[in-house]
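Engineer: Got a predicted model here, sequence first, then my questions.
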Amino acid sequence: MTNARQTLRARSALPGGVSHELRYRDPYQVFIERAKGAEKWDVEGRRYIDFKMGSASQLLGHCHPVIVQAVQEQAARSLFSADCHGAETEWAEWVNQLFPCADRTRFTASGSEATMLALRLGRAFSGKDHILRVDGHYHGWHDHVLKGTKPGQNAPTSLGIPAEINNLIDVCAATPDAMKAALQNSRIGTVIIEASGANYGSVPLKTETLRALHDVARAAGVVLIFDEIITGFRWSPGGRQARDTIVPDLTTLAKIVTGGLPGGAVCGRAEIMELMNNLTEHDGLAPAVSHKGTFNASPLVAATACAAMPLLATGEAQARADRMATRMRDGMNDTLADLGVAGHAYGDSSIFHVFFGRTTIDGLSPAEIRGMPKTMVKAYRDGMLERGIDMMAYTSGLTSAAHTPELVDEALDAFRVTLSDMIHEGVLP
């Protein structure tokens, strides 16, 4: 079976041949058959160095033996019975211990479900329906978070979202003054921020800026949500809030929190989280905030999460991944300089981004940072993939504890050849 033939088959069964729009690729998708560590192989047997790592979920590396063992042992005991079980309590205790905001944790089946639940909790606790979000920040695909996802545009990025919902969402720039001005609207009761800055730090959010945004929200008395779905367990065992000591009311988690399996979580202050307690009654409703979900904290996912937590809690996995991302960013900048290409590799923790056209992103708007020509982005991504290097999205990637200096250096060799081809073809000046 080839990737081309598998694509034709998939497109007759799935819309576009994919289950996630960002997996679509022209002329055909790559179909991965197996993965190990920081590498993976497609149906044609071709090897790739992975800088996507399960959309940032596999910090420990693909098929880590501890995770595999946990899956196998739990599968032999019970896949799913829709009952309470001890592992969900142990898992929640780990989250509550590691994240400064967390008095209580509730599990969901995905990251998008986590942000959906967090916004519901914010509205219920504040008593106000309007939400303030930051321009370009990403919080999933549900109706309440698509307005403002594309930098510089207030329109939602999908059809099918009622205007009545969009009217409940306000958007501001990622500056304290802009947020303060937006919060003059007394109908806003909740603020949600992607803790890294837009698109896992493609548009960076400096620590002093995040702290100032936090302080503005605190002064306004609104519920503050940090979306740490990528930064959680990656920037530190307790996410960005623990690393930089900036604590929200609620936090949304997914990806690494599960040990790399499907699922998510909301954690936060007890007085807000206890609105989901069955004994909490408001306005004749008990629980006051309803939250269900067949596969929330399923035993299989909880088992892998509990197995991963001791490995994540030490910070050693994060430190290894951070070192490899630093090596990648430094090597990219050296290559850009050697080839005379105006560009800049940057990022925080174990994440790297590259911008073509300027040697710094300082002074650029989110729309400008995310607005490189599509032909340039495609040439870069296709060139790297052709040479066996799979990036995450746009011109970004991330590392894991399984990446090695040798793998990073191999990727940097591919980066040099790809850029040379882009120069030759006139894609890069």
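Structural biologist: Noted; the coordinates are in hand. Numbers count the residues shown, from 1 in each chain.

Engineer: Arg11 contacts Gly17, doesn't it?
Structural biologist: Yes - the pair Arg11 and Gly17 qualifies as a contact (C-beta atoms under 8 Å) at a distance of 3.6 Å. For glycine as for every other residue, the C-beta is placed from the backbone atoms N, C-alpha and C.

Engineer: Neighbour count for those two, which is higher?
Structural biologist: Legend: neighbour count by other C-beta atoms under 10 Å for Arg11 and Gly17, higher for Gly17 (19 against 15).

Engineer: my read: that one touches Thr7, true?
Structural biologist: Yes - using C-beta under 8 Å, Gly17 is in contact with Thr7, at 5.5 Å.

Engineer: Overlap of the contact sets of the two?
Structural biologist: Counting by C-beta atoms under 8 Å, 6 or more residues apart in numbering, the contacts common to Gly17 and Thr7 are Gln29.

Engineer: Could you report the pLDDT at Pro429?
Structural biologist: We have a pLDDT of 80 for Pro429.

Engineer: correction: Tyr394
Structural biologist: For Tyr394, the pLDDT comes out at 96.

Engineer: i'd like the first residue to be 31 from this point on
Structural biologist: OK, 31 is where the count begins now, so the last one is Tyr424.

Engineer: OK, contacts around it?
Structural biologist: So Tyr424 contacts 229, 232, 383, 400, 407 (C-beta under 8 Å, 6+ apart).

Engineer: Quickly name whichever of those is closest to Val277.
Structural biologist: Asn229 (23.4 Å; C-beta to C-beta).

Engineer: Distance of the closest one relative to Tyr424?
Structural biologist: Per C-beta to C-beta, to the nearest Å, Asn229 is found 7 Å from Tyr424.

Engineer: Take the contacts of Tyr424 and write them to a markdown table, including pLDDT, secondary structure and neighbour count.
Structural biologist: Listed next are the contacts of Tyr424 as a markdown table, based on pLDDT from 0 to 100; DSSP: H, G, I helix; E, B strand; the rest coil; neighbours: other C-beta atoms under 10 Å:
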| residue | pLDDT | secondary structure | neighbour count |
| --- | --- | --- | --- |
| Asn229 | 95 | helix | 23 |
| Ser232 | 97 | coil | 25 |
| His383 | 98 | strand | 25 |
| Arg400 | 97 | coil | 19 |
| Val407 | 98 | helix | 17 |
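
Engineer: mind listing the strands for the stretch 81-230 of the chain?
Structural biologist: 134-138, 160-164, 199-202, 218-224, 227 (DSSP state E, counting those that start in this stretch).

Engineer: mind exporting the longest helix anywhere in the chain as CSV, just the C-alpha atoms?
Structural biologist: If you go by DSSP state H, the chain has its longest helix at helix 346-369. Extracted as CSV, the C-alpha positions of helix 346-369 are listed here (Å, rounded to 0.1, in the frame of the first residue of the first chain):
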residue,chain,number,x,y,z
GLU,A,346,13.8,15.9,33.8
ALA,A,347,11.8,15.0,30.6
GLN,A,348,11.0,18.7,30.1
ALA,A,349,14.7,19.7,30.6
ARG,A,350,15.8,17.2,28.0
ALA,A,351,13.2,18.4,25.5
ASP,A,352,14.1,22.0,26.2
ARG,A,353,17.8,21.4,25.5
MET,A,354,17.0,19.8,22.1
ALA,A,355,14.7,22.7,21.1
THR,A,356,17.5,25.2,22.1
ARG,A,357,19.9,23.2,19.9
MET,A,358,17.3,23.3,17.0
ARG,A,359,16.7,27.1,17.3
ASP,A,360,20.4,27.9,17.6
GLY,A,361,21.2,25.7,14.6
MET,A,362,18.4,27.2,12.5
ASN,A,363,19.6,30.7,13.2
ASP,A,364,23.2,29.7,12.3
THR,A,365,21.9,28.3,9.0
LEU,A,366,19.8,31.3,8.2
ALA,A,367,22.9,33.5,8.7
ASP,A,368,25.2,31.2,6.7
LEU,A,369,22.8,31.3,3.8
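
Engineer: I'd like the next helix or strand past that helix.
Structural biologist: Counting by DSSP states H and E, the element after helix 346-369 in chain order, helix or strand, is strand 373-376.

Engineer: At which residues are the strands of the stretch 281-430 of the chain located?
Structural biologist: 294-298, 373-376, 381-386, 419-420, 426-428.

Engineer: mind checking which of those strands is nearest Val457?
Structural biologist: That would be strand 381-386 among these, by C-beta to C-beta, at 9.0 Å.

Engineer: Just the buried residues of that closest one, please?
Structural biologist: 381-386 (16 or more other C-beta atoms under 10 Å).
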